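K.L.:
Model the structure of this input:
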Amino acid sequence: VIYLFMAGGPSHIDTFDPKPKLAALNGQELPAEVRGKQRITLMTRKQKQLQIAASPMTFRQCGESGQVLNVHMPELAKVCDEIAIVRSLHSEPINHDPAVNMLQTGAGRPGRPCVGSWVSWGLGTENRSMPDFVVLLSGTKGQPVISRYYHSGFLPSRHQGVQFQSQGDPVLFLSNPGGIDGRTRGRLIRGINDLNRRRLELVGDPEIEARIDSFELAYRMQSSVPEMMDLSGEPKHIHELYGTQPGKVSFANNCLLARRMIERGVRFVQLYQRGWDMHSDIKNRMPKQCAEVDRPTAALLRDLKQRGLLDETLIIWGGEFGRTTYCQGELKATFGRDHHPRCFNAWLAGGGIRGGVTHGATDDFGYNVVENPVHVHDLQATVMHCLGIDHEQLVYRFQGRDQRLTDIGGQVVRELLA
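P.N.:
As a prediction, the model looks like this:
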């Protein structure tokens, strides 16, 4: 799996779910019957009006399937027949932290394993010299990405995500300290693990076993990771395809690194691209943000396909919620939108997914789901199904209960399947 997580919540009505009827209603109050009793955030609760704000984006139909995208994604438009767009996602949390938790772990409260950890635990490793689950960050630092979003929770700690850096040491403390060579460090780790094994025999603590695995993996990674993270050996046409610059922290570099990781047997690669929390100035910020992710995302799809890897790699693109139909503050040229978990979109491509599909629909305001609702648990169940896992059977006994990613919900969205 390569999960392209757009942190901050991309506006669905400015990306993949156009609402042309809003142009005639621009500036009018959102009808009370449309809003219903939905909770709104403190940021807009005291507004005298909830003014409808038509999208400043232009949309067009693309590909043989007629998928609709905003015009600031021209490269993705060329490969849109590969993707399945879900317009009817919905969730409950209205603030970033619980919303990300919900999408990543199946619960709004912290402390549960994330989807990458479940996949690692359920499928095991393909490469003993690499982590099963890797995390890469890019984008502005305005939207924090907290390590518990990729934590293993109550699963064994060896299944948590390992954050790689795009500059310097790929993993903190991967290089040998000054005056210590690889042979010496190897002897040191073997000695420590001998002591750990004796302690494990005495107390049977699974955390000690996880620590042993962690030390051994870290030692093996000293030879495997630097080679994998070095983009300089990629041919010129690949760098041109992605728009990469070796040594630079960027979404483009991370997409290329994700492909290299998948080639080397990493089960789950999570990319966090920040910058989508547009409480203001959507008109200018949205084109820039789209431009930053468009070319690398399309390149990743093309590259995986020409290498024969797309059919066995699931790609997911999306954020934690959508944005409101009404503007935040007064309606002006630099308006933004507030958080909106009642409906948002995502797209999937690759392994097990039927490309060229648009699933679900929202109302003319882009405010409520009116056709084929897909809860985040349904999305998680579908991801697991594409990996050959029955989400109802992948359970872990904790605190007297069989726990699973989808909690007590989740239905596979079969309309998305190839």
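K.L.:
SS state for residue 8?
P.N.:
coil (DSSP: H, G, I helix; E, B strand; the rest coil).
K.L.:
Would you list the phi and psi of it?
P.N.:
Backbone torsions for residue 8, taken as degrees, to the nearest 10, come to phi 120, psi -20.
K.L.:
just wondering, since we're on residue 13, how far is it from residue 338?
P.N.:
Counting by CB to CB, to the nearest Å, the separation of residue 13 from residue 338 is 13 Å. To be clear about C-beta, it is placed using only N, CA and C from the backbone, and glycine gets the same treatment.
K.L.:
The two: which is more packed in?
P.N.:
Neighbour totals were compared for residue 13 and residue 338, and residue 13 leads with 29 against 23 (other CB atoms under 10 Å).
K.L.:
Now the more buried one. Its backbone dihedrals?
P.N.:
Torsion angles at residue 13 (phi, psi; degrees, to the nearest 10) stand at phi -80, psi 0.
K.L.:
SS state for the residue lying closest to it once chain neighbours are set aside?
P.N.:
Using CB to CB, 6 or more residues apart in numbering and skipping residues adjacent in sequence, the residue nearest residue 13 is residue 366, 4.0 Å away. On the three-state scheme (three-state DSSP), residue 366 is labelled coil.
K.L.:
separation between residue 366 and residue 9?
P.N.:
As for residue 366, its distance to residue 9 is 14 Å (criterion: CB to CB).
K.L.:
Give me the common contacts of those two.
P.N.:
Common contact partners of residue 366 and residue 9 (CB atoms under 8 Å, 6 or more residues apart in numbering): residue 322.
K.L.:
Just to check, residue 255 is in contact with residue 243?
P.N.:
No: at 9.3 Å, residue 255 does not count as touching residue 243 under the criterion of CB atoms under 8 Å.
K.L.:
returning to that earlier point: intersection of neighbour lists for residue 13 and residue 338?
P.N.:
Taking CB under 8 Å, 6+ apart as the criterion, residue 13 and residue 338 both touch residue 323.
K.L.:
For the residue nearest to residue 13, what are phi and psi?
P.N.:
phi 70, psi 30.
K.L.:
Can you give me the neighbour number for it?
P.N.:
Around residue 366 there are 28 other residues, counting by other CB under 10 Å.
K.L.:
pretty sure it is touching residue 342, no?
P.N.:
No: using CB under 8 Å, residue 366 is not in contact with residue 342; the gap is 9.8 Å.
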